[in-house]
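> any chance you can model this:
(one chain, ligands or ions: 1)
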Amino acid sequence: MTDLKLSSEEMALLEGAEGAGVQRAMEIVVTLGRIYGAPDLVPVRHVQIAGVSYKNLGDAGVAFLNEWAGEGAQARVPATLNPAGMELGRWQEMGFSPDFARPQMEAIKAFVKMGVIPTMSCTPYLFPDYAPHRGDHLAWAESSAVAWANSVVGAYTNREGGPSALAAAIVGRTARYGYHLPENRRATHVIEVTCPVRSIADFGALSYIVGKRVGDGVPWFADLAAWLPPLPKDITLGGDAGDRLKTLGAGLAAYGAVALYHVAGYTPEAREQGEALIRPNTSRIVIDSLAEGYDVMDANPEVDKIDLVTLGCPHASISELRRIAQRLRGENLATRLWITTSQITRARADEEGLVAVIKAAGGEVVADTCAVVAPVRSLGIRTMATNAGKMANYAPMHSGVSMRYGDMEQCLDAAISGRWRKKSV
Ligand code: F3S
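Below you'll find the predicted structure:
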């Protein structure tokens, strides 16, 4: 434990000047700051809260949220929510049970009572109102979003826990340690990729190989920019580059514990500082094939009949929805297809007529949730296919399903035929 400097206002919050709920929040933030040796607290511009699904919260989690909300605590900076365990307005139609829906709604109500905005999405960076900017300090708890904010945008955030993010929202600050400090943002491993990395699924396979090797380090991708078109001016559109980086960060965080990576000549800090950002004596890793990633993520090669094809992990961008609708126009699906996204992106897709095209083929654009945090086994789903690295890792663990993994075209072919056809890497 070290000395943590608090302003007189922060000290007053810690002593209960604004009530028990704010005091509880300040105690969490200050305790973490002392454990991690933070010199002080830093104001945050935005908070992203994870741990929203009843599947993860359980009754104890819902009771904890109700108690905190009952103490009158209110978010003092914009704070948004991660996906819940179901689509809020369509849970009955989608087959979820009232026994799950009731406590799930209660949890969302408690968040809303505390002033949290119920966006129910893991991609706050795709929302025009909340997208972070270079240099912003944030308190984000969604690991895939943390990797995006730190790496693609050059904002500063640690990977907060569920309660610590909510606490940061209530006090408007977090402890200044870890990735809030420039000295901790330097690269620890240099990664050279000598094989082609063409699709979202390739980026997912790469994330497995690198995540496993670097753990919680900071990878420097020396030559990955060759496989990345420029990011769109409006980064909330995603675009080919954004969709690849979205999956890369999610997989690096899921298979390792990466919260920040750099791409030479491409990501903001790498462009500004060049190789000065690499720590001396860093180890070098050469990747000449993605096969190891595909072998692990395409975990059940014996499965060919697919119950659910799921795309949109992290939540689909408008550019992904455009590509999917283009492929599905005039088709008739043989199996269930979920494209998971936010309500905000779905509304945008609806305006462009994309939702109608996907629906006409028999697919669903599902908002508020995903196949990891929703109780999909209760819907009779036993086999899944995806193009997302994080989904391939978490769905077998959290939802007990068998998994096929491949690129978007392969997944959509499986949705059309109901069967998985393997392609060689
Ligand atoms: Fe988001 Fe669910 Fe993937 S929360 S990152 S879509 S596992």
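
> mind listing what the closest residue to the ligand within the stretch 1-150 of the chain touches?
Scanning the stretch 1-150 of the chain for proximity to the ligand using C-beta to the nearest ligand atom identifies residue 122 as nearest, at 3.2 Å. For every residue, glycine as well, the C-beta is placed using N, CA and C. Neighbour list for residue 122: 50, 82-83, 142, 144-145, 314-315, 370 [criterion: C-beta atoms under 8 Å, 6 or more residues apart in numbering].

> contacts with the ligand among those residues, please.
82-83, 144, 314-315, 370 (C-beta under 6 Å from any ligand atom).

> A helix includes the residue of the stretch 1-150 of the chain closest to the ligand, no?
No - assessed with DSSP: H, G, I helix; E, B strand; the rest coil, residue 122 is coil; it does not lie in a helix.

> only the C-alpha atoms, please, for stretch 156-163, written as PDB.
C-alpha atoms of stretch 156-163 as PDB (Å, rounded to 0.1, in the frame of the first residue of the first chain):
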ATOM      1  CA  TYR A 156      -6.200   5.400 -21.400                       C
ATOM      2  CA  THR A 157      -8.000   2.700 -19.500                       C
ATOM      3  CA  ASN A 158      -7.300  -0.300 -17.300                       C
ATOM      4  CA  ARG A 159      -9.500  -3.400 -17.500                       C
ATOM      5  CA  GLU A 160     -11.900  -2.500 -14.700                       C
ATOM      6  CA  GLY A 161     -14.000  -5.100 -12.800                       C
ATOM      7  CA  GLY A 162     -17.800  -4.800 -12.800                       C
ATOM      8  CA  PRO A 163     -18.100  -3.200  -9.300                       C
END
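
> how about the residue most central in space within the chain, nearest residue that isn't a chain neighbour?
Among the residues of the chain, residue 144 comes closest to the average C-alpha position under C-alpha atoms, centre = their mean, at 3.3 Å. Among residues not flanking residue 144 along the chain, residue 250 sits closest, at 3.5 Å (C-beta to C-beta, 6 or more residues apart in numbering).

> how many residues are close by that neighbour?
30 (other C-beta atoms under 10 Å).

> contacting residues for it?
Here residue 250 is in contact with 143-144, 147, 207, 313-314, 388-390 (C-beta under 8 Å, 6+ apart).

> give me that answer again for 7 Å
Contacts for residue 250 (C-beta atoms under 7 Å, 6 or more residues apart in numbering) come out as 144, 147, 313-314, 389-390.

> and those, which two are the farthest apart?
147 and 313 (13.5 Å; C-beta to C-beta).

> let me see the ranges of the helices in the stretch 1-150 of the chain.
8-14, 20-35, 54-70, 91-94, 98-113, 143-147 (DSSP state H, counting those that start in this stretch).

> now, of the ones you listed, which is deepest in the fold?
Each of the helices of the stretch 1-150 of the chain was scored by mean neighbour count; the highest is helix 143-147, a mean of 27, by mean count of other C-beta atoms under 10 Å.
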